[in-house]
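Colleague: please work out how this folds:
(one chain, ligands or ions: 1)
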Amino acid sequence: MDWGLQNRLSRIIKPKTGRTVMLAVDHGYFQGPTTGLQQPGKTIKPLIPYADSLMLTRGVLRNCIDPGIDTPIVLRVSGGTSVLKELSNEGLMTCVEEAIRLNVAAITLSIFVGGEYERQTLLALGQLADEGNKYGIPVLAVTAVGREMARDARYLGLACRIAAELGAHFVKTYYCDDFEKVVEGCPVPLVIAGGKKLAEREALQMAYNAVSRGASGVDMGRNIFQSDSPVGMIKAVRAIVQRNMSVDEAYKIYEDTKTKKATALA
Ligand code: R5P
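Modeller: The predicted structure follows:
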């Protein structure tokens with residue numbers, strides 16, 4: 001792998017552990033001011049010290065994030081749809097020169113395997129991988145799943161493998177039963193999305209199961225920023241992913257952080 005590309009990837013997936021805690025805060029690109037991200041800058045700021053990278057769009061990056069931070073940025077470059085329309089009809093929205101100008105560590109897009117616009121999103125992945133390779137910028141492919149599709153190992157294994165075959169340098173997918181089969185069939189690192197908000201312990205259990213079964217970490221959004229203690233939650237997720245802590249230990253970190261804040265406010 002090209003030195004620059006490997007160096008950028010090493011800023012995200014820490015070589016010491018082979019793992020990463022990515023904070024996904026790009027939801028506004030198709031959901032608008034979604035719950036917890038109405039004021040992205042305010043939400044993101046206290047979480048930055050615990051994130052190995054931030055995944056967001058150029059609009060939030062340029063307007064809400066201090067350029068002085070040294071946290072690697074994973075820039076979402078696909079879009080063009082909203083929750084009001086067919087979500088799979090995405091295209092590339094941001095060019096690689098803009099990504100370079102923004103000094104990002106990786107670029108990311110969604111692919112919709114089995115979706116109405118499967119071909120166009122896969123062609124976009126191929127194009128982005130070419131550009132990423134040209135400039136030494138890794139590409140993260142997100143396996144987006146249509147409402148009607150099953151999030152099982154067969155489907156996710158297919159989508160992740162296609163992403164890697166077409167040139168993605170790492171892949172983001174969903175956790176599922178038999179997750180190790182998805183990992184086994186994918187020759188590049190995998191991280192999991194958190195998905196819809198779950199109870200905190202349940203989300204921590206999912207992160208624990210994913211890394212125990214071969215994920216290189218998480219790229220989690222709603223289960224962090226929609227928690228009643230976002231800082232507590234990201235610290236707890238970090239304890240599991242980067243420090244191999246148990247779910248009970250991590251849950252205690254979440255609870256202690258939440259209680260401390262409540263006491264400080266009382
Ligand atoms: C969706 O395509 C976006 O990339 C989100 O970043 C992704 O769904 C991860 O966030 P969450 O953990 O909230 O599912």
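
Colleague: which stretches of this protein aren't confidently modelled?
Modeller: Applying pLDDT under 70 to the chain picks out no residues at all.

Colleague: so Pro67 belongs to a helix, correct?
Modeller: No: secondary structure of Pro67 (DSSP: H, G, I helix; E, B strand; the rest coil): coil, not part of a helix.

Colleague: could you work out the end-to-end span of stretch 86-100 for me?
Modeller: Stretch 86-100 has an end-to-end distance of 30 Å (criterion: CA to CA, to the nearest Å).

Colleague: near the ligand at all, that stretch?
Modeller: No: Stretch 86-100 lies out of reach of the ligand by CB under 6 Å from any ligand atom, never closer than 8.8 Å. C-beta coordinates here come from the backbone N, C-alpha and C atoms, glycine included.

Colleague: could you pull out the buried residues of that stretch?
Modeller: Buried positions in stretch 86-100, judged by neighbour count with 16 or more other CB atoms under 10 Å: Leu87, Ser88, Glu90, Leu92, Thr94, Val96, Ala99.

Colleague: how about stretch 140-154?
Modeller: Buried-residue list, stretch 140-154, by 16+ other CB under 10 Å: Leu140, Ala141, Val142, Thr143, Ala144, Val145, Ala153.

Colleague: quick one: the helices in the stretch 51-200 of the chain?
Modeller: With DSSP state H, counting those that start in this stretch as the criterion, the stretch 51-200 of the chain has helices at 58-64, 96-101, 118-135, 153-165, 179-184, 200-212.

Colleague: follow-up on the earlier one: which among the buried residues of stretch 140-154 are in contact with the ligand?
Modeller: Among those, the residues that sit close to the ligand (CB under 6 Å from any ligand atom) are Val142, Ala144.

Colleague: from the buried residues of stretch 140-154, which is closest to Phe170?
Modeller: Of all the buried residues of stretch 140-154, Leu140 has the smallest distance to Phe170: 5.3 Å, by CB to CB.

Colleague: and the furthest pair within the buried residues of stretch 86-100?
Modeller: Using CB to CB, the buried residues of stretch 86-100 span at most 23.7 Å, a distance reached by Leu87 and Val96.

Colleague: tell me who's in contact with the closest residue to Pro72 other than its chain neighbours.
Modeller: Leaving aside its chain neighbours, Pro72 sits nearest to Ala105 (3.4 Å; criterion: CB to CB, 6 or more residues apart in numbering). Ala105 makes contact with Arg8, Leu9, Arg11, Ile12, Ser53, Pro72, Ile73, Val74, Ile137, Pro138, according to CB atoms under 8 Å, 6 or more residues apart in numbering.

Colleague: recalculate using a threshold of 6 Å.
Modeller: With contacts defined as CB atoms under 6 Å, 6 or more residues apart in numbering, Ala105 is in contact with Arg8, Arg11, Ile12, Pro72, Ile73.
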